[in-house]
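**Student:** just to be clear, the model below is a prediction. Sequence and coordinates:
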Amino acid sequence: MNVNLTQTEFTQWYGAGNDGNAPTVAQWSEVLARPADKPVTLINFFKLREKARYDDKQDEVSGEDAFGKYAAVSIPTMERVGGKFLFVGPYKGMFLGQDEDWDLVAIGSYPDLQALVALYADEGYREVFHHRTAACERQKVIVCGD
């Protein structure tokens, strides 16, 4: 996998991120500028819709079911490229700081930038990403690591 893919290629695949469903051009640029040999950890927060929304239309499938379609491909793809989940589970509230309303938290770890790039560049992953978008009312992803 080519670690030198650009934010332009990722925004062509995932969109400009203005709707909060994908990284913005600036966020892609910042992530892709990270040291290639350092681990990357992503802390994902998801608020799922009651009914999935595909192309601005609600579907008969729940947000949870749509997210399951995404996870069925994303989890094995992540593992294939070298990533792993450190934690996946329900959000139970804040211990310190302002409370937020989320349904699910997933902490994914990648051995290096190439593994993260390989996930997002994977054609099969790109093909199911719309299920994640349809499932989520909103999402937040925090980047951690050196």
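**Tutor:** Received the coordinates, thanks. Predicted, not measured: the structure shown is a model, and the values here were computed from it.
**Student:** Ser74: what secondary structure?
**Tutor:** helix (DSSP: H, G, I helix; E, B strand; the rest coil).
**Student:** where does the nearest residue to it once chain neighbours are set aside sit: helix, strand or coil?
**Tutor:** The shortest distance from Ser74 to any non-neighbouring residue, by C-beta to C-beta, 6 or more residues apart in numbering, is to Tyr125 (6.0 Å). No exception for glycine: its C-beta is placed from N, CA and C like everyone else's. Under three-state DSSP, the three-state class of Tyr125 is helix.
**Student:** in this structure, what residue sits furthest out from the centroid?
**Tutor:** Leu96 (24.6 Å; C-alpha atoms, centre = their mean).
**Student:** which element is it on?
**Tutor:** Under the criterion of DSSP states H and E, Leu96 resides outside all helices and strands.
**Student:** before we move on, back to that, so what's the residue nearest to Ser74 up against?
**Tutor:** Val73, Ser74, Thr77, Leu119 (C-beta atoms under 8 Å, 6 or more residues apart in numbering).
**Student:** let me know the pLDDT of it.
**Tutor:** At Tyr125, the model reports a pLDDT of 95.
**Student:** tally of neighbours for Gly68?
**Tutor:** Look at Gly68: counted by other C-beta atoms under 10 Å, it has 13 neighbours.
**Student:** counting contacts, what elements does the strand or helix carrying it pack onto?
**Tutor:** Using DSSP H and E, the element containing Gly68 is helix 63-80. Counting contacts by 3 or more C-beta pairs under 8 Å, 6 or more residues apart in numbering; DSSP states H and E, helix 63-80 packs against strand 40-48, strand 51-54, strand 84-90, helix 113-121, helix 123-135, strand 136-144.
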